[in-house]
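In: Let's see this in three dimensions:
(2 chains)
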Amino acid sequence: MNRPILAVDNLEVSFHTQSGIVDAVRGVSFSLQKGETLAIVGESGSGKSVTAKSILGLLPKQIASKRAGKIIYEGKNILEFSLRKMQALRGAEISMVFQDPMTSLNPTMTIGKQLMEGLYRHRKVSKAKAAQKAVEMLQMVGIPNAEERVNTYPHQFSGGMRQRVVIAMALACDPKILIADEPTTALDVTIQAQIMDLMRNLQKKTGTAIILITHDLGVVAKMAQKVAVMYAGEIVETGPVEDIFYRPMHPYTRGLLQSMPRLDAPRDEPLIPIPGFPPDLSHPQRGCPFAPRCAHVMKVCNAFFPLPKETHNGHMAKCWLLDERANHRDRLVRECREVSDHG
Amino acid sequence: MIRFLLKRFGIMVTTLFIIATATFFLMKLLPGTPYSNPDKLSEQQIAMMNQKYGLDQPVPIQYARYMGNLIQGDLGVSLHYKGRPVSQIILERIGPSALIGFQALIFGSFIGLALGIISALKPNTLFDYGSVTLAVLGMSIPSFVLASLLQYYIGVKLKWLPPGLWESYTSSLLPSLALSVIVIATVARFIRGEMLEVLGQEYIMTARAKGVTEWGVVMRHVLRNSLIPVVTMMGPLAVGIITGTLVVEKIFSVPGLGEQFILSIMSKDYSVIMGVTLFYSALFILTVFVVDVLYGILDPRIRETEGGRT
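Out: Numbering: from 1, shown residues only, chains lettered A, B, ... in the order given. Below you'll find the predicted structure:
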C-alpha cells in the first residue's frame, strides 16, 4: 500500500467545560490515501467534528485543553506545528468546508474578496490574477454569471449557492486534502444531492482527498471508499465502504444501518431506532461505551474496553462479540447476514 | 437612495417642528419674566417692554408669530442681551463647545476602541478584567463628579492643566477628558462584547481555515462586523456628549453654548432658550441620520433593503 497522505494516530482531544473535563476524542486513528474519500460517520457528539477541526488546529485554545497523539501529514507531525506553520498549511494544503453556509461566509465582504483572500495569502498572486482565478473558481462550482457575482455579498445568494462558494474557496489553492464537515446537513434534500455531485466531480478533476464528516449514510454510500464509524469519541468500526454496508461487525454500525429509511421498504414498516442515548463523555465509564445501548451486551462489555479486531483488508471493529470466546458469536454473524440481505 | 434621503429629510423636519412646538409651550409654563429686576420696574414699564417684545399677546399668537419667523430662518433676538440676534449668540458660543465635544468623542472613541479590542483578543486576562472594571466605573460615575475631581486634583493640586476658564487650548483638555470617560467606557464595553461574539462566528473559523493570519482575521473579518453595532452606539453617545457639555461647561466656566443655555433658562431669555434647544435638537437629529447612513455603508445587507438597489 502507498504511504498515506494523512495519518492520524491515537488522537486524543479533551475540553474544559463547566461540568468538568470532557474527553471528546479518545484515541482515534485512521489514514487517508491520495485522492481517496474517507467518511467519518456517527451521531451528534460522537467527536467527528472535533476530530476534523483538530486536524487543522482550529479548536479554540482556551477550551481544548489537551491534545495528544499524532497527525502525520506528508511525513510531518502537524499536531506539533506552530501557529505560523499551521497557517501556511491551512487552505493551501488542507482546507475545510463547514456545515452551515448561511453562517460560514463573512456577511460584509464580497464573495470575490473572500475567494481571493486565500490566493493572496498562499499563492502570492497579483490582484488581477487573483480576481481572474476567483471568477474561474465560481464557474467551476457552477455559479452562473460568475463575472458579476464575484462583486456581490453572501446575503444575495441562496444556501446551496453559498455552499458552492464555500467549496470554491476551499479549493482555490488546490489543496491536497479537503475536510468537509457535514457540508449538506443545512441544505434542502435536492440541493444536497447537487452539492454531493459537485464535490464528486471536483474530486475527479482535482484528485483531492476528502474527509467527509456526516451522519447521512446515503451520502456515504455515494461518495466514500472508506468509512470510519465513530461512537463516544472513538472509531468503533472502520473499513472499506462495501464491508461496512454489507458486512458490518459492530452492533452500533448495524443499528445505524437499520435506522436508515429505505425506499423499497413497506410504508408502514417503522424505522428501527437505537434505544438510549450516547454516554456522557465528562464521566466516562469503564468498558465499552456502547454497552448500555447494546442488545448483545455481555458481562465483559461493562468491565473491559474491547480491543480492536481486524478481519481482512483493513476492516476493523472494537467489540467483544468478535472475540473467539464470545458465545453470542453465531447469533451475531447470523444477524449481520440478515442486514446485508436487506441491503 | 435619493428617495430614502428625501423621506428621511421629511421626517427630520417634522421632528424639529414637534420639538419646537413642545418647547415653546413648556417654556411658557416657566414662572417669572425675562426682566432681571421686575420688582423695581413699574407696571407701566413692564407693559411697555411686553408690548415691544410681543409678550402682551396671547400665547397661541406668540407661537404663530415665532413659527412664522422660524420658517424664514429667523431665530429672533435675545431679550437679555439688548437686541442681539440669537443666531449670532449661538455662533459665538459654539466654538468652545464644539472643540470640547469633538475632542471628547474622538479621544474617547480611540481609547475605547483600543481598550475594547485588546480586551476581546485577550479575554479573561488581567488586562481584560482591568479594562472591564474601568468601563463599569466610567459608565457609573456621572461626568460632573468626575469633572470636579479632575478640576481639583489635576487642575488645582497638581497644576498640570488649567482648572477652568477659556484662555488657551490647554483649557479645553480637562473638560474634554471629563466628557470622554463615558465614551471610553461605553465604546470599550461595547466593542469587547461585539468582538467576542463575532470571534465565535463560523465565518471566522472559515477565514482561519483559509490560512489567514490572526492579524488578518481581526482586521478584515472581526473589526468591520463588530463596528456596525458600535456605530449605532455613536449616535446616542454624541447626544450624551452634547448634554454632558451643559454641566461640564458650567463646572469649568467655559464660555460655551451649554453655559449660555443654562444662563438663558435662568433669565427666561425666551428666544435664546428656543434657539439653543432647536440647535441641539437639529444636531441630534443630524447625528442619528449620519449614523444611519454610515450603517448602510458598513453593512451591505442594510444598503439593499433601506436604500433600494445600489
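
In: so residue B:124, which of the three states?
Out: Here residue B:124 is coil, with the state taken from DSSP: H, G, I helix; E, B strand; the rest coil.

In: end to end, how far does stretch A:219-237 reach?
Out: In stretch A:219-237, first residue to last residue: 18 Å (CA to CA, to the nearest Å).

In: buried residues in that stretch?
Out: For stretch A:219-237, a neighbour-count test (16 or more other CB atoms under 10 Å in any protein chain shown) marks A:219-224, A:226-237 as buried. Using the backbone N, CA and C atoms, a C-beta is placed for each residue, glycine as well.

In: Could you do stretch B:291-300 as well?
Out: B:291, B:292, B:293, B:294, B:295, B:296, B:298, B:299, B:300.

In: Show only the entries of those found in helices.
Out: Of the buried residues of stretch B:291-300, the ones assigned to helices by DSSP state H are B:291, B:292, B:293, B:294, B:295, B:296, B:298, B:300.

In: In terms of distance to residue B:124, which of these ranks first?
Out: Nearest to residue B:124 among those is residue B:298, at 28.7 Å by CB to CB.

In: Please list which of the buried residues of stretch B:291-300 are also close to chain A.
Out: Counting by CB under 8 Å from any CB of the partner chain, B:298, B:299, B:300 from the buried residues of stretch B:291-300 sit close to chain A.

In: Just put those in a markdown table and tack on pLDDT.
Out: Below are those laid out as a markdown table (pLDDT from 0 to 100):
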| residue | pLDDT |
| --- | --- |
| B:298 | 80 |
| B:299 | 81 |
| B:300 | 80 |
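
In: Please identify which of those residues is nearest to residue A:130.
Out: residue B:300 (20.7 Å).

In: if I pick residue A:37, what's in contact with it?
Out: If you count contacts by CB atoms under 8 Å, 6 or more residues apart in numbering or on different chains, residue A:37 has them with A:203, A:209, A:210, A:211, A:212, A:223, A:224, A:225, A:226.

In: how about a cut-off of 10 Å?
Out: Residues near residue A:37 by CB atoms under 10 Å, 6 or more residues apart in numbering or on different chains: A:178, A:180, A:199-200, A:203, A:208-212, A:220, A:222-227, A:241.

In: phi, psi of it?
Out: Residue A:37 adopts backbone torsions of phi -110, psi 120, taken as degrees, to the nearest 10.

In: can you pull up the bridge partners for it?
Out: Note on residue A:37: beta-bridge partners by DSSP bridges are residue A:210.

In: Look up how far residue A:260 lies from it.
Out: 19 Å (CB to CB, to the nearest Å).

In: Also residue B:180?
Out: Counting by CB to CB, the gap from residue B:180 to residue A:260 is 63 Å.

In: can you give me the strands in chain A?
Out: In chain A, the segments counted as strands under DSSP state E are A:6-17, A:20-32, A:37-41, A:64-73, A:76-77, A:94-97, A:177-181, A:209-214, A:226-231, A:234-240, A:308-310, A:316-318.

In: I'd like to know which residues of chain B are adjacent to chain A.
Out: Within chain B, the positions near chain A by CB under 10 Å from any CB of the partner chain are B:123-124, B:198-214, B:216-217, B:220-222, B:224-225, B:227-228, B:298-301, B:303-305.

In: Now, of those residues, which are buried?
Out: Neighbour-count burial within these applies to B:198-199, B:201-212, B:216-217, B:220-222, B:224-225, B:227-228, B:298-300, B:303; the criterion is 16+ other CB under 10 Å.

In: So which of the residues you listed belong to strands?
Out: Among these, no member lies in strands (by DSSP E).

In: and residue 239, how many residues sit next to it?
Out: As the question left the chain open, I've gone with chain A. Neighbours of residue A:239 under the rule other CB atoms under 10 Å in any protein chain shown: 24.

In: right idea, wrong chain: chain B
Out: Counted by other CB under 10 Å, the residues lying close to residue B:239 total 16.
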